[in-house]
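J.: Mind looking at a prediction? Sequence and model below.
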Amino acid sequence: MAALQGIDLQEEAVQGTLRFDDIADMVLRCAGCSNPEHCQSWMREHVEGADKSPGYCQNRELFAMLRSGRGI
C-alpha cells in the first residue's frame with residue numbers, strides 16, 4: 001500500500017521521518033485488516049499508483065502524513 005502511494009518506508013526510516021518500530025506497528029495493523037481480500041483487489045486495481053489509501057485502511061492517516069512530508 002505504501003509503495004503504491006510512492007512511499008518508501010525503508011527510506012523514510014533511514015531519513016529519520018519514520019522509526020523501524022513504526023514500520024513494525026504498521027505491518028501489524030495491516031496484518032489485522034478486516035478486509036484483506038478487498039485490499040488486495042484494490043491494490044491490483046491501482047498498480048499505477050494512488051493518491052491515498054482506501055477509507056478502511058488502518059494506516060491511511062500515517063501514509064497521508066508521510067506523503068505530505070510531515071513524518072510521524
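T.: Now that the structure is in, tell me what you want to look at.
J.: from here on, contacts and neighbour counts on C-alpha atoms
T.: Will do.
J.: Tell me which other helices or strands the longest helix along the chain touches.
T.: Counting by DSSP state H, the longest helix found in the chain is helix 20-31. Contacts defined by 3 or more C-alpha pairs under 8 Å, 6 or more residues apart in numbering; DSSP states H and E place helix 20-31 against helix 9-15.
J.: Could you give the average pLDDT over the helix it packs on?
T.: Mean pLDDT, helix 9-15: 92.
J.: Ok, stretch 47-54 next?
T.: Rounded mean pLDDT across stretch 47-54 is 92.
J.: End to end on that stretch, go ahead and measure it.
T.: Distance across stretch 47-54, first residue to last, is 14 Å (C-alpha to C-alpha, to the nearest Å).
J.: Over to stretch 36-56?
T.: OK, stretch 36-56 end separation, C-alpha to C-alpha: 10 Å.
J.: For that stretch, buried residues please.
T.: Across stretch 36-56, burial judged by 16 or more other C-alpha atoms under 10 Å covers 39, 43, 50, 52-53.
J.: Give me the contacts around the helix or strand following the longest helix of the chain.
T.: Next along the chain after helix 20-31, taking DSSP states H and E as the criterion, comes helix 36-45. Residues from elsewhere that reach helix 36-45 (C-alpha atoms under 8 Å, 6 or more residues apart in numbering): 1, 4, 54.
J.: give the contact list for the last one.
T.: For residue 54, the contacting residues are 39, 42, 60, taking C-alpha under 8 Å, 6+ apart as the criterion.
J.: mind checking how far residue 4 is from residue 39?
T.: In terms of C-alpha to C-alpha, residue 4 sits 12 Å off from residue 39.
J.: same question, residue 32
T.: 12 Å.
J.: Out of the contacts of residue 54, which comes closest to residue 20?
T.: Set against residue 20, the nearest of the contacts of residue 54 by C-alpha to C-alpha is residue 60 (17.8 Å).
J.: Quick check: chain neighbours aside, which residue is closest to the closest one?
T.: residue 53 (5.4 Å; C-alpha to C-alpha, 6 or more residues apart in numbering).
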